[in-house]
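Asks: how does the following fold in three dimensions:
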Amino acid sequence: MDNKDSPYTTLAVGLMNQVQNQLSRSFYLPYLVLGALHLPLWLIYIFRDLMSDLRAHYHFFPFLYAAVAYLIWDRWPRQVENPLRSSSASTVFYLGSCLVLAVALVFLQPVLTCLSLALGVSSFLLRIKDPTTGGSLFPISALLYVLVRTPFDTFSEDRKIITMLQQWSARITSVLLDLVGVVHDMPGTILMTPERSWGVEEACSGVQSFYTLLFASVFMAVWFRRTALRAVVLVGSSVFWALTMNTFRIFLIPIAHVTVDWDLSTGWQHAALGYLTLILGIVMIWSTDQFLEFLLGSFDSEKSGSETEMSAVGRFWNRFVAGRSQYTSQEWMPSPRSSYGLLAMAGLPLLTTVFLLPDLFRLVSAQGGDFFRSNVVMKVDEAWFPAELDGWILERYDTVNRKAYSDLGQRSDVWHYRNKNLSVLFSFDQAFPGWHELTICYQNSEIGWQIVNGDLGRTKFEESLPSVDAEGESELVSYVQVELFAATSGDRGFLVFGLDDPEGVQVPAPGNWSDFSAFFERLKGRFAQGVRASFFRSEGYQTQVFCSRNVSDEDRAAIKNFYLKLRAIAKAKIREAKRNQQFWTAEELESMMNAEKAKEAAKKSKGEDSPKTEN
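Replies: Numbers count the residues shown, from 1 in each chain. The predicted structure follows:
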């Protein structure tokens, strides 16, 4: 009896196949877990960011994800017994995906999930054989990196590219119109002829097509399995063709208007022109790829005089330039230890998700940024502060309600005081995710206040004050004093401000406000509320006194003393409001904001001026 046909051999082969199948399935588990952890932030990013009108240049993303799915399905090695290959880089990419996802959760930044998802898919595809080339399916993941951008709008690179294309397209179009004799003027990005003008903006110039052409060029590089060198050249050509097509589109609009009186700037004609130039751009990218194929095609060593010498050159050329060489992948069988290692890495974003689950739920329900887990805007009214204090008399009380997550705070309560010589406003602004550098708001205001002598006009103070609600005790107060001036009018201003947390404890003021301290404070404010409350401050409530005139040293001392007394009262009120849970709901705040808008609109219709406050 042949040993190959013995029942023991058949049983052994069956057992080996079962073990292999089990190990293969264990390889997919860490990636399924990592993919599931991506879902919450990834879906938020898709529906809130990529689908918004502000990101119209990314509206091709459904085609991108469909292309990735199709390429994986089409190139999956179904005919081989073991589709897995050895790759050390795969583990590095998986770890990078876990770390980036954890950072995205800590800062509640859905945009970072594009990068973490791309890294995770790269890790997975590095382990899958490509039956055609013998390498991996890793190049398919390059498509996902097209959607990657910096978080917090740190560099706003997509908008900068759009603006750059607007400016370049406008300049080139102006030269072309001069060549054909069309009388026009191009102040900035406005195209003007004697009959009418057009704005060279996103909707007119078609600069959104750059990102679509970028996607098309990467897709062609992956579809045709181009080498890295040829892929870089092809992707780089998308910039040139985007600029060319945008210029062509802008050029046609005034030409059609002047010659045949067609309006291509609005309606279906404008949309048709946009799609036509986009399709033409994709065709030109394909043409560029074919030109590179002709220029950098495979090297035929058999036609050379020295076959041995030229075959070495040919192998180098075919592998790194033409992309005609075959790769040999080492087969890999996953072990339970490797799967456990990947699952351990996925434990970091998993634990982060569990810890920040309330923040994720709030982010899903929030319409803007997410800073707080619960209602934090306190119910402040006119009675919070006295009508008279040390000769300062209350003249008027105002409220200003804004959208949630406004840089100025969602609500400001403003008391206007006057003594014999001075008029000041005292404002209670809330709430902020940590320290709020009020000088930035004044610098960005309509008046454009500037700090006297640069940073020298901003001074930090710390003083110990008697507690209002705990007799015989004192508490530390940190605040900032600022000397301001208006560059246009020459007016002077004096500002004192500081922040306290919900327990009435001071939020330490930075000694100076440099680029480093600004970055650090903004970074702290970007943390999810659960992280921020554990390591820094959960929220901050700002108090400020502002006087819009040139003040003497005696006036400064009087204003500062007045501020510190009001600050002590504010600390006690904050603690009381927190203890009694006296907070406005989101619905109440929105209702008050809408009522204020209606009131403002009614005043404007009657020609009345509404009181303005500097917050």
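Asks: hey, let's count contacts and neighbours off CA atoms from now on
Replies: Will do.
Asks: what's the strand ranked longest in the chain packed up against?
Replies: The longest strand of the chain (DSSP state E) is strand 474-486. Contacts defined by 3 or more CA pairs under 8 Å, 6 or more residues apart in numbering; DSSP states H and E place strand 474-486 against strand 449-451, strand 458-466, strand 492-500, strand 506-507.
Asks: ok, which of the ones you listed comes nearest residue 474?
Replies: Closest approach to residue 474 among these is made by strand 458-466 (4.2 Å; CA to CA).
Asks: how about the closest one: buried residues?
Replies: 458, 459, 460 (16 or more other CA atoms under 10 Å).
Asks: dump the residues you listed to a markdown table, plus distance to residue 385.
Replies: Compiled in a markdown table, those are given as follows (distance: CA to CA, whole Å):
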| residue | distance to residue 385 |
| --- | --- |
| 458 | 27 |
| 459 | 26 |
| 460 | 25 |
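Asks: what's the closest of the residues you listed to residue 435?
Replies: Closest to residue 435, out of all of the buried residues of strand 458-466 and judged by CA to CA, is residue 460, at 13.4 Å.
Asks: that closest one bridge partners, please.
Replies: residue 480 (DSSP bridges).
Asks: that one against residue 496, yeah?
Replies: No: Residue 460 is beyond contact range of residue 496, at 9.7 Å (criterion: CA atoms under 8 Å).
Asks: give me the common contacts of those two.
Replies: Taking CA atoms under 8 Å, 6 or more residues apart in numbering as the criterion, residue 460 and residue 496 both touch 479, 480, 481.
Asks: hang on, the earlier thing: and the angle for the longest strand of the chain with strand 458-466?
Replies: 150 degrees (axes from the mean of the first three to the mean of the last three CA atoms, to 10 degrees).
Asks: may I see the buried residues of strand 474-486?
Replies: For strand 474-486, using 16+ other CA under 10 Å, the buried residues are 475, 477, 478, 479, 480, 481, 482, 483, 484, 485, 486.
Asks: pLDDT and distance to residue 397 added to those residues, as CSV?
Replies: Below are these laid out as CSV (pLDDT from 0 to 100; distance: CA to CA, whole Å):
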residue, pLDDT, distance to residue 397
475, 83, 28
477, 89, 25
478, 90, 26
479, 94, 24
480, 94, 24
481, 94, 24
482, 93, 24
483, 93, 25
484, 92, 24
485, 90, 26
486, 86, 26
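Asks: need these in a markdown table (columns: distance to residue 260).
Replies: Output for the buried residues of strand 474-486, formatted as a markdown table (distance: CA to CA, whole Å):
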| residue | distance to residue 260 |
| --- | --- |
| 475 | 78 |
| 477 | 73 |
| 478 | 70 |
| 479 | 67 |
| 480 | 65 |
| 481 | 65 |
| 482 | 62 |
| 483 | 62 |
| 484 | 58 |
| 485 | 56 |
| 486 | 53 |
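Asks: and of these, the nearest to residue 170?
Replies: Using CA to CA, residue 486 comes nearest to residue 170 of these, at 35.7 Å.
Asks: setting aside sequence neighbours, what's the nearest residue to that closest one?
Replies: Computed as CA to CA, 6 or more residues apart in numbering, the closest residue to residue 486 that is not its neighbour in sequence is residue 449, at 4.7 Å.
Asks: show me the shaky parts of the stretch 51-200 of the chain.
Replies: Along the stretch 51-200 of the chain, the parts satisfying pLDDT under 70 run over 152-155, 187-189, 199-200.
Asks: residue boundaries of the helices in it?
Replies: Secondary structure of the stretch 51-200 of the chain (DSSP state H, counting those that start in this stretch): helices located at 61-75, 88-107, 112-126, 157-179.
Asks: what sits up against stretch 451-458?
Replies: 439, 480, 481, 482, 483, 484, 485, 512, 513.
Asks: ok, now which ones touch the third one?
Replies: Residues in contact with residue 481, defined by CA under 8 Å, 6+ apart, are 457, 458, 459, 460, 461, 494, 495, 496, 497.
Asks: report the lowest-confidence entry in these.
Replies: Among these, residue 457 has the lowest pLDDT, at 86.
Asks: just the endpoints, please. Distance across stretch 141-159?
Replies: 24 Å (CA to CA, to the nearest Å).
Asks: ok, stretch 256-266 next?
Replies: 13 Å.
Asks: buried ones in it?
Replies: Neighbour-count burial for stretch 256-266 [16+ other CA under 10 Å]: 257, 258, 264, 265.
Asks: which residues in the chain form strands?
Replies: Counting by DSSP E, the chain has strands at residues 190-192, 197-199, 388-389, 392-401, 411-418, 423-432, 449-451, 458-466, 474-486, 492-500, 506-507, 540-547.
Asks: could you list the alpha-carbon positions for the longest one in CSV?
Replies: Going back to what we said before, that points to strand 474-486. Extracted in CSV, the C-alpha atoms of strand 474-486 (Å, rounded to 0.1, in the frame of the first residue of the first chain):
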residue,chain,number,x,y,z
SER,A,474,-7.0,83.8,51.0
GLU,A,475,-6.6,82.5,47.4
LEU,A,476,-4.1,83.1,44.7
VAL,A,477,-5.1,85.1,41.6
SER,A,478,-3.1,85.1,38.4
TYR,A,479,-3.9,87.8,35.8
VAL,A,480,-2.5,89.8,32.9
GLN,A,481,-2.3,93.6,32.5
VAL,A,482,-2.0,94.9,29.0
GLU,A,483,-1.3,98.4,27.6
LEU,A,484,-3.0,98.8,24.1
PHE,A,485,-3.0,101.3,21.3
ALA,A,486,-4.9,101.6,18.0
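Asks: so how far is it from its chain's centroid?
Replies: Mean C-alpha position of strand 474-486 versus that of the full chain (CA atoms, centre = their mean, to the nearest Å) differs by 33 Å.
Asks: same check, this time on the first one
Replies: How far strand 190-192 lies from its chain's middle: 32 Å, per CA atoms, centre = their mean.
Asks: for the fourth one, same thing?
Replies: Distance of strand 392-401 from its chain centroid, counting by CA atoms, centre = their mean, is 37 Å.
Asks: so what's the residue nearest to residue 280 when sequence neighbours are not counted up against?
Replies: Closest residue to residue 280 apart from its sequence neighbours, by CA to CA, 6+ apart: residue 245 at 7.7 Å. By CA under 8 Å, 6+ apart, the residues touching residue 245 are 277, 278, 280, 281.
Asks: next one, pLDDT for the closest residue to residue 497 other than its chain neighbours please.
Replies: Leaving aside its sequence neighbours, residue 497 sits nearest to residue 544 (CA to CA, 6+ apart; 4.1 Å). Reported pLDDT at residue 544 in the predicted model: 96.
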